[in-house]
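>>> Next input, structure requested:
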Amino acid sequence: MPGSLTRTWRRAKEATLTPRQYAITAYVALGALTLIVMSGAAVRLTGSGLGCPTWPKCYGKVYPPLNTHAVIEFSNRMITVPVSIAAIAAFVLAFKRRPYRRDLMRLSTLLPLGVLAQAVLGGLTVRGALDYGWVMAHFALSMLVVAAAVALAWRATYEPGERPLSHDRKLTLWARATVALGALTIFAGTAATAAGPHAGGSPGQKINRLDFDGKGTMDFVIHRHGEIALVFGLAALAVWWLARRHEADPQIRRWSTITCALIALQGLVGLDQYKTHLPTELVWVHVSLASLSWLAVLWTACAAGRLQPRKVLAPQPHATSRARVSA
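Here you go, the predicted model:
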C-alpha cells in the first residue's frame, strides 16, 4: 500500500496539462466564481444575510439549525468550498501546463487570493451586521475577482501572438471605456440596493442602510444609477456600431451584440422592478443580469485586443546633414 501511494504521488507530480486542458480549468473557475455571486445575491434578497449571525460557525456550531434563513446562508458558505477548489486548481495547474506560461501563473494567483479575501470580507460583513459599506465592498470585490478570472480564461484560450494586436485604436479604446462605465454602473447599482428595502436581514433585524436624505435617498440613488446605466448602454452601442462599421473581428462583433442585448434586457427588468416596488425575484434577476453583462463587456474588451504601439520615427540628424551638404 505505501508503495502504491508513492507511485501515485510520483505520477501526479510528473503529470502535465495541455493548453486546452488548462483552458477548461480556467473556464470552470470562471463559472464557479460567477455562480457564487448569484448565490450571494439570493442570500441577501431572501433576508438570510444574518441567518447565521456568527462566523465561521453558525450559532456556534459547525452546522446550521433547521431554520430556513440559517440553511440558506450556511449553504452559500458551503458553495465557497467548491469555488475555492476551482480557484486553487487554476493556480496549481498553471505550473503543470506545458508549455509553461508565466503570465497565466501570475493571473491565476489572483483567484485563490480573491476567494480568500472574499471569505474574510464576508465574515466581516456578518460581524458588521450587514452594514451597507461592508456589503457594497463584498460585491465590488466579487466583480474584481470575476474580472481576473475572465482575463485568465481569455489568455488561456490563446497562445502568445496567436491573435494580432489591434490596429483599430478607436474601437479598442471605446471597448475599454465601456468596461470602466460598466464598473461605475455596478457600483451605483450596489448603492441603489444599499438604499433599498432588501437589506439582507429578516424582518425585525436592524440593518444600517445607506441614508443621507431620508426617504428620498433611495429615489435619488436609483435615478443616478439609471442615468449612469444609460451612458453605459450608449457606450456599448457605440462599440457595437464601430465593430460593424470597421468590419472588426467576429468575436468583437458577437460579444458586443451580446453585451448590448444583456444591457437592454437589464434595463427593462430594472424599470419593471422599480414600477412594481422592487419585488425580490426581479431584483435577483437584475443582479444576475448585471453579473452576466459584466462578463460580456469584459470579454468584448478582451476580444478588442491590445493596442498596436505607435511607431514614432525619430529624426536622423546625420542623414539630414548629408542631405543639406549634397544640396
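>>> Quick one: residues contacting W284.
M38, A41, A42, L45 (Cβ atoms under 8 Å, 6 or more residues apart in numbering). For glycine as for every other residue, the C-beta is placed from the backbone atoms N, C-alpha and C.
>>> In strands only, show me those.
Assigned to strands by DSSP state E, none of those qualify.
>>> And the lengthiest helix in the chain, what does it pack against?
With secondary structure taken from DSSP state H, the chain has its longest helix at helix 216-245. Packing contacts for helix 216-245, counted by 3 or more Cβ pairs under 8 Å, 6 or more residues apart in numbering; DSSP states H and E, involve helix 169-195, helix 250-275, helix 280-304.
>>> mind giving me TSV with the ones you listed and columns for mean pLDDT and distance to T125?
Listed next are these as TSV, based on pLDDT from 0 to 100; distance: least, Cβ to Cβ, whole Å:
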stretch	mean pLDDT	distance to T125
helix 169-195	92	12
helix 250-275	92	24
helix 280-304	92	16
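>>> and of the ones you listed, who's closest to I228?
Distance to I228, taken as Cβ to Cβ, is lowest for helix 169-195 among those, at 5.0 Å.
>>> what angle separates the closest one from helix 250-275?
30 degrees (axes from the mean of the first three to the mean of the last three Cα atoms, to 10 degrees).
>>> tell me which residues of helix 169-195 are tucked away?
171-172, 174-175, 178-179, 181-183, 185-195 (16 or more other Cβ atoms under 10 Å).
>>> now stretch 16-30
L17, P19, Y22, A23, T25, A26, Y27, V28, A29, L30.
>>> for this protein, which spans come out with low pLDDT?
1-14, 47, 49, 198-206, 310-327 (pLDDT under 70).
>>> Span of stretch 241-251 from start to end?
This stretch, stretch 241-251, spans 14 Å end to end (Cα to Cα, to the nearest Å).
>>> Pull out the buried residues from it.
Quick answer for stretch 241-251 (16+ other Cβ under 10 Å): L242, A243, A248, D249, Q251.
>>> Is it possible to get a markdown table of those residues that adds distance to G60?
Below are the buried residues of stretch 241-251 laid out as a markdown table (distance: Cβ to Cβ, whole Å):
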| residue | distance to G60 |
| --- | --- |
| L242 | 57 |
| A243 | 55 |
| A248 | 57 |
| D249 | 56 |
| Q251 | 51 |
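>>> Which residue ranges make up each domain of this structure?
For the chain, automatic domain parsing gives the domain ranges 16-158, 165-309.
>>> Do a quick rundown of the helices in the stretch 51-200 of the chain.
Per DSSP state H, counting those that start in this stretch, the stretch 51-200 of the chain carries helices over the ranges 68-92, 102-127, 132-157, 169-195.
>>> can you put the ones you listed in CSV and add distance to R209?
Output for the helices of the stretch 51-200 of the chain, formatted as CSV (distance: least, Cβ to Cβ, whole Å):
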stretch, distance to R209
helix 68-92, 19
helix 102-127, 14
helix 132-157, 6
helix 169-195, 6
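>>> before we move on, the earlier item: looking at the buried residues of stretch 241-251, which is nearest V146?
Out of the buried residues of stretch 241-251, the member with the shortest distance to V146 (by Cβ to Cβ) is Q251, at 19.2 Å.
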